[in-house]
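Asker: this is a predicted model, with the sequence first.
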Amino acid sequence: MDLHKLAIYCKVVELKSFTKAAEAMFLSQPTISEHIRALEQEIGQRLINRLGRSSAIPGSSGGREIKASEAGKILYSYARKMLRLQQEALEALGHYSGTLAGRMAIGAGTIPGAYVLPEKIGAFKKSYPDITIALRIAGSRSIANEILSGELEMGILGAQWRENGLTWQEIFSDELILAVAADHPWARQRRITLKQLTGEPFIMRDHASGTRHAMTRILEQHGLNPAHLNVVAEIGSTEAIRQSIKASIGISILSSQAVRDDIAQGSLVEVAIDGVKMIRPFYMVTRKNQSLSPLCTAFIQTLTEGGVSETHA
């Protein structure tokens with residue numbers, strides 16, 4: 001079974017379009033169609049069901065929308081594994097010869113994905129310029145599910161829970177801090193009591209946020225029920241909260257990584273809370289008993305220098 005045909009087939013299934021697959025693989029649409037037809041003849045099964053025209057679908061670019069048949073779904077699952085194995089073989093040979101090249105797909109929550117990993121990926125690419133790293137940033141649950149399904153090889157998350165089939169490894173930590181606008185009265189005194197926190201307008205992250213879960217847990221450990229905060233806004237973006245604090249809508253507790261530049265420039269001010277230190281661990285997450293690619297192994301080594309602790313779910 002030709003791996004090139006399998007790669008074309010997977011792209012057609014993923015994009016649900018012969019036209020889009022042709023564009024993505026820099027081939028003509030008749031060439032794509034011929035490869036799929038040859039694959040169906042070789043296997044003796046219809047792999048693709050042609051549906052109605054996708055021009056009726058909002059946001060589509062026209063042409064017939066396609067969907068994998070039941071046999072096609074089975075083939076797609078195995079084809080993905082075969083293509084990953086091919087990539088791992090090429091990476092292993094490259095590693096053996098002293099070079100490392102290839103593509104790796106990883107995931108991360110908002111804070112590690114936006115403020116931690118870009119710098120580490122940049123440093124890694126200096127050592128291995130021929131690699132490509134696809135970084136997906138999403139909620140912790142979504143990333144975990146994609147690791148379980150094999151869509152992502154590993155992830156960096158700020159939350160941990162029991163999940164059969166996943167391994168969690170604490171890899172580094174971040175500090176959550178109370179940030180206020182530069183003209184806020186607390187900006188001058190730089191320190192407050194925990195009780196004072198309940199009296200000010202507070203901007204909260206959304207329920208799916210790992211930062212919110214970590215903050216809630218720490219405040220409860222120190223005897224403050226987060227329900228007693230004077231929440232004036234609930235916002236799903238760290239960037240939007242940063243701008244809202246600057247606009248004096250309220251105060252908030254955010255990752256120190258996310259507001260590092262704002263504090264250095266003086267547009268936001270960090271205020272200490274007496275007796276409260278908010279340290280949040282980040283975890284490297286992989287599938288249990290998974291054989292990692294040489295590329296992923298090398299990247300993990302750069303992340304874990306200095307030693308980490310490991311737990312399993």
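Answerer: Ah, there it is. Computed from a prediction, not measured in an experiment: that's the story for all the values here.
Asker: where does pLDDT dip in the stretch 1-150 of the chain?
Answerer: Low-confidence segments of the stretch 1-150 of the chain (pLDDT under 70): 51-64, 90-101.
Asker: and the strands in it, which stretches?
Answerer: 48-53, 64-68, 102-108, 131-137 (DSSP state E, counting those that start in this stretch).
Asker: now the helix ranked longest in the chain, how far from the centre of its chain.
Answerer: When the chain is scanned for its longest helix (criterion: DSSP state H), the result is helix 70-96. Centroid separation for helix 70-96 versus its chain: 22 Å, with C-alpha atoms, centre = their mean, to the nearest Å.
Asker: do stretch 200-219 as well
Answerer: On C-alpha atoms, centre = their mean, the centre of stretch 200-219 falls 19 Å from that of its chain.
Asker: now do the buried residues in it.
Answerer: For stretch 200-219, burial by neighbour count (16 or more other C-beta atoms under 10 Å) applies to 200, 202-205, 208-216, 218-219. Placement of C-beta: from N, CA and C, glycine included.
Asker: the residues you listed: which two are farthest apart?
Answerer: Longest distance between any two of these is 24.3 Å, between Glu200 and Ala208; criterion C-beta to C-beta.
Asker: can you pull out the helices in the protein?
Answerer: Counting by DSSP H, the helices of the chain are 3-15, 18-24, 29-43, 70-96, 110-111, 117-127, 140-149, 186-189, 210-221, 238-246, 260-265, 294-303.
Asker: deepest in the core, which of those helices is it.
Answerer: helix 110-111 (a mean of 25; mean count of other C-beta atoms under 10 Å).
Asker: CA-only coordinates of stretch 260-278, as PDB, when you get a sec.
Answerer: In PDB, the C-alpha atoms belonging to stretch 260-278 read as follows (Å, rounded to 0.1, in the frame of the first residue of the first chain):
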ATOM      1  CA  ARG A 260       5.500  40.600  32.900                       C
ATOM      2  CA  ASP A 261       5.900  43.200  30.200                       C
ATOM      3  CA  ASP A 262       3.100  45.400  31.500                       C
ATOM      4  CA  ILE A 263       4.600  45.400  35.000                       C
ATOM      5  CA  ALA A 264       8.100  46.200  33.500                       C
ATOM      6  CA  GLN A 265       6.600  49.100  31.600                       C
ATOM      7  CA  GLY A 266       4.500  50.400  34.500                       C
ATOM      8  CA  SER A 267       1.100  50.100  33.000                       C
ATOM      9  CA  LEU A 268       0.200  47.400  35.600                       C
ATOM     10  CA  VAL A 269       1.300  47.000  39.100                       C
ATOM     11  CA  GLU A 270       1.800  43.800  41.100                       C
ATOM     12  CA  VAL A 271       0.200  43.900  44.600                       C
ATOM     13  CA  ALA A 272       1.200  41.300  47.200                       C
ATOM     14  CA  ILE A 273      -1.400  39.600  49.400                       C
ATOM     15  CA  ASP A 274      -0.300  39.100  53.000                       C
ATOM     16  CA  GLY A 275       0.400  35.400  53.700                       C
ATOM     17  CA  VAL A 276      -0.600  34.200  50.200                       C
ATOM     18  CA  LYS A 277       1.800  32.800  47.600                       C
ATOM     19  CA  MET A 278       0.100  31.600  44.500                       C
END
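Asker: contacts for that stretch?
Answerer: Applying C-beta atoms under 8 Å, 6 or more residues apart in numbering, the external contacts of stretch 260-278 come out as 115, 175-182, 184, 186-187, 189-194, 197, 214-215, 218-219, 222, 242, 245-246, 251, 253, 256, 259.
Asker: could you do stretch 222-233 as well?
Answerer: So stretch 222-233 is in contact with 194-195, 197-204, 215-216, 219-220, 244, 249-250, 275-276, going by C-beta under 8 Å, 6+ apart.
Asker: wait, which of the buried residues of stretch 200-219 is closest to Glu23?
Answerer: Distance ranking of the buried residues of stretch 200-219 against Glu23, using C-beta to C-beta, places Ala208 first at 33.6 Å.
Asker: got a list of what the closest one touches?
Answerer: Ala208 makes contact with Gly139, Arg141, Gly236 under the criterion C-beta under 8 Å, 6+ apart.
Asker: follow-up on the earlier one: CSV for the strands of the stretch 1-150 of the chain, including distance to Gly122?
Answerer: What follows is the strands of the stretch 1-150 of the chain, written out as CSV (distance: least, C-beta to C-beta, whole Å):
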stretch, distance to Gly122
strand 48-53, 40
strand 64-68, 37
strand 102-108, 14
strand 131-137, 10
